[in-house]
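A.B. asks: Sequence and predicted structure below; questions after.
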Amino acid sequence: MFENLSEKLERSFKLLKGQGKITEINVAETLKEVRRALLDADVNFKIAKTFTEAVKEKALGQDVLTAVKPQQMMVKIVHDELTDLMGGVSTDINIKANPSIILIAGLQGSGKTTFSGKLANLLKTKRGKKPMLVAGDVYRPAAINQLQVLGEQIGVPVFTQEGSKNPVQIAKDAIRDAKQKGCDVVIIDTAGRLAVDEEMMNEISAVKKAVDPHEILFVVDSMTGQDAVNTAKEFNDRLDFDGVVLTKLDGDTRGGAALSIRSVVNKPIKFVGTGEKMDALDVFHPSRMADRILGMGDIVSLVERAQEQFDAEEARKLQKKLQKNQFDFNDFLSQIQQIKKMGSLKDLASMIPGMGKAIKDMDFDDDAFKGIEAIIFSMTPDERANPAIINGSRRKRIAAGSGTSIQEVNRLLKQFEDTRKIMKMAGQGKNLTRALAGMQ
Ligand code: GDP
């Protein structure tokens, strides 16, 4: 996610490395690069200009703090500006009413149907709601079927009216049905077109007028950059939507849409889609996104996802072990098994500070942990509990037993030691980013 932008920003900050203080000249040089990075990321020209001007003003207005290096100060200022640019704070959807009506709009292929399913899943599993999905795309029979399949997968009812070509009627009937069934959120998926056209806008405006939704979400493919921003503007002019959903962020290396959309349409980004699976949806947090863009990872989201999966009792036990530095291969193995349940590996890994760039070109597959698991399975219980005893001949045996090589076993042992060190520092309350930076 946003790897290209992260890399270029990092390079621009390097210009300040070794500089004793912020000056007009070194700020100008750095910001020229920052601006170029933003333009390459497909950020709107005007936004890039205003952004760098704001950063410049802040940077030059800073008192000279001897404790903070210019490079660090610049990263902090850019971080804060990025956060502001993306809306500052996260904004929730309005689901107070019973039933709450949510209308989903966007172009065909933007990910509307997928998002409708993901949202229903999120509201059901994390917010204790009883959602209903409504198939309002009357032109694509496949869309109705797609929604039915998703609904079945996540255990949410789907309202359809086979053969009907009247989305307004479908929406009204669906709401009536939802009330009867005791569903408290109604998510209406609508028809999209390949490009903005009058008929589509009229149709969705008619649905809006008929059902008076509590929340209109505009879904857009983040990989389309400035086009996404322009489409958002057209939809907003007609629909006055409440929030934006950026999909396919997992494939977006540039980030232009995420950075520009908020200031162009003045509506918050509320969710981001990070994969095709039903759990690949995150609530959007501007500050965490800024962390990720600046290669600081997103430990908060990582921890949150972990919390959803992890057993609190297990977590407490693990914490004790970490503090006592007793983390062993049994824990390592059970962590791997937990992580596998948490979603796309690449996505997870990129949330770890400093990892985004390192894994940019790597392919991750679901079997990525297979080798590691095989090695751990080939260890004796003693070895797992007490890795220090794994000497040369044991390494040889483990490699043979797991069908790997001694190098792979050595690498895992080294990784394990590194993890232990990081965990120990984190357990002692040290800053994880700094701990990792120190290890590089
Ligand atoms: P719609 O025409 O707007 O309803 O779009 P769909 O929901 O059918 O999505 C179009 C394609 O994008 C499908 O193949 C989805 O699996 C895919 N898709 C949707 N959201 C995401 C996402 O966040 N990440 C990725 N990688 N693919 C997505």
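C.D. replies: Cool, got the structure.

A.B. asks: show me what contacts the closest residue to Met86 other than its chain neighbours?
C.D. replies: Distances taken as C-beta to C-beta, 6 or more residues apart in numbering place Pro286 nearest to Met86, at 3.8 Å, with adjacent residues excluded. The C-beta positions use only the backbone N, C-alpha and C, and glycine is treated the same way. Contacts for Pro286 were tallied using C-beta atoms under 8 Å, 6 or more residues apart in numbering; they are 82-90, 269.

A.B. asks: Which residue ranges of the stretch 1-150 of the chain form helices?
C.D. replies: Ranges of helices in the stretch 1-150 of the chain, per DSSP state H, counting those that start in this stretch, are 3-14, 24-40, 45-61, 70-85, 112-127, 141-154.

A.B. asks: Which of the ones you listed sits closest to the ligand?
C.D. replies: The ligand lies closest to helix 112-127 among the helices of the stretch 1-150 of the chain, at 3.3 Å (C-beta to the nearest ligand atom).

A.B. asks: just checking, what packs against the closest one?
C.D. replies: Counting contacts by 3 or more C-beta pairs under 8 Å, 6 or more residues apart in numbering; DSSP states H and E, helix 112-127 packs against strand 100-106, strand 131-136, helix 141-154, strand 185-190, strand 215-221, strand 243-247, strand 269-273, strand 281-283.

A.B. asks: ok, now with 6 Å
C.D. replies: Here helix 112-127 touches strand 100-106, strand 131-136, helix 141-154, strand 185-190, going by 3 or more C-beta pairs under 6 Å, 6 or more residues apart in numbering; DSSP states H and E.

A.B. asks: coming back round to it: pipe the helices of the stretch 1-150 of the chain into TSV and attach mean neighbour count and mean pLDDT per row.
C.D. replies: Shown next, in TSV, are the helices of the stretch 1-150 of the chain (neighbours: other C-beta atoms under 10 Å; pLDDT from 0 to 100):
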stretch	mean neighbour count	mean pLDDT
helix 3-14	19	87
helix 24-40	18	89
helix 45-61	16	89
helix 70-85	20	86
helix 112-127	22	95
helix 141-154	16	91
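
A.B. asks: Relative to Gly243, which of those helices is closest?
C.D. replies: Nearest to Gly243 among these is helix 112-127 (11.3 Å), distances taken as C-beta to C-beta.

A.B. asks: could you give the angle of that closest one to strand 100-106?
C.D. replies: 150 degrees (axes from the mean of the first three to the mean of the last three C-alpha atoms, to 10 degrees).

A.B. asks: what residues does the chain put near the ligand?
C.D. replies: When proximity is defined by C-beta under 6 Å from any ligand atom, the chain lies next to the ligand at 106, 108-114, 192, 247-248, 250-251, 273-276, 280.

A.B. asks: Of the helices and strands packed on helix 112-127, which is nearest Ser260?
C.D. replies: Of all those, strand 100-106 comes closest under C-beta to C-beta, at 16.9 Å.

A.B. asks: Run through the stretch 151-300 of the chain and note the low-pLDDT ranges.
C.D. replies: 296-300 (pLDDT under 70).

A.B. asks: Contact partners for the residue of it found nearest the ligand?
C.D. replies: At 2.7 Å from the ligand, Gly273 is the closest residue in the stretch 151-300 of the chain, using C-beta to the nearest ligand atom. Contacts for Gly273 (C-beta atoms under 6 Å, 6 or more residues apart in numbering) come out as 111, 247, 281.

A.B. asks: any idea which of those has the most stuff around it?
C.D. replies: The residue in those with the most neighbours, by other C-beta atoms under 10 Å, is Thr247 (29 neighbours).

A.B. asks: Now do the same contact list for that residue.
C.D. replies: Contacts for Thr247 (C-beta under 6 Å, 6+ apart) come out as 111, 221, 273.

A.B. asks: again with Asp177
C.D. replies: Phe159.

A.B. asks: where's it, which helix or strand?
C.D. replies: Using DSSP states H and E, Asp177 falls within helix 167-181.

A.B. asks: The stretch 251-400 of the chain: helices as residue ranges?
C.D. replies: Taking DSSP H, counting those that start in this stretch as the criterion, the stretch 251-400 of the chain carries its helices at 256-265, 286-293, 299-309, 312-323, 329-341, 345-350, 355-358, 370-377, 381-385, 392-402.

A.B. asks: hey, which of the ones you listed is tucked in deepest?
C.D. replies: Across those, averaging neighbours per residue (mean count of other C-beta atoms under 10 Å) puts helix 256-265 on top, at a mean of 25.

A.B. asks: which other helices and strands contact it?
C.D. replies: Using 3+ C-beta pairs under 6 Å, 6+ apart, helix 256-265 is in contact with helix 225-239.

A.B. asks: Export only the CA atoms of the helix it packs on, formatted as PDB.
C.D. replies: Only the C-alpha atoms of helix 225-239 are listed here, as PDB (Å, rounded to 0.1, in the frame of the first residue of the first chain):
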ATOM      1  CA  GLY A 225      -6.000   8.200  -8.800                       C
ATOM      2  CA  GLN A 226      -7.200  11.500 -10.100                       C
ATOM      3  CA  ASP A 227     -10.100   9.900 -11.900                       C
ATOM      4  CA  ALA A 228     -11.300   8.700  -8.600                       C
ATOM      5  CA  VAL A 229     -11.300  12.300  -7.300                       C
ATOM      6  CA  ASN A 230     -13.100  13.600 -10.400                       C
ATOM      7  CA  THR A 231     -15.800  10.900 -10.100                       C
ATOM      8  CA  ALA A 232     -16.200  11.700  -6.400                       C
ATOM      9  CA  LYS A 233     -16.800  15.300  -7.300                       C
ATOM     10  CA  GLU A 234     -19.500  14.500  -9.800                       C
ATOM     11  CA  PHE A 235     -21.300  12.100  -7.500                       C
ATOM     12  CA  ASN A 236     -21.100  14.500  -4.600                       C
ATOM     13  CA  ASP A 237     -22.500  17.400  -6.700                       C
ATOM     14  CA  ARG A 238     -25.500  15.200  -7.500                       C
ATOM     15  CA  LEU A 239     -25.900  13.100  -4.300                       C
END
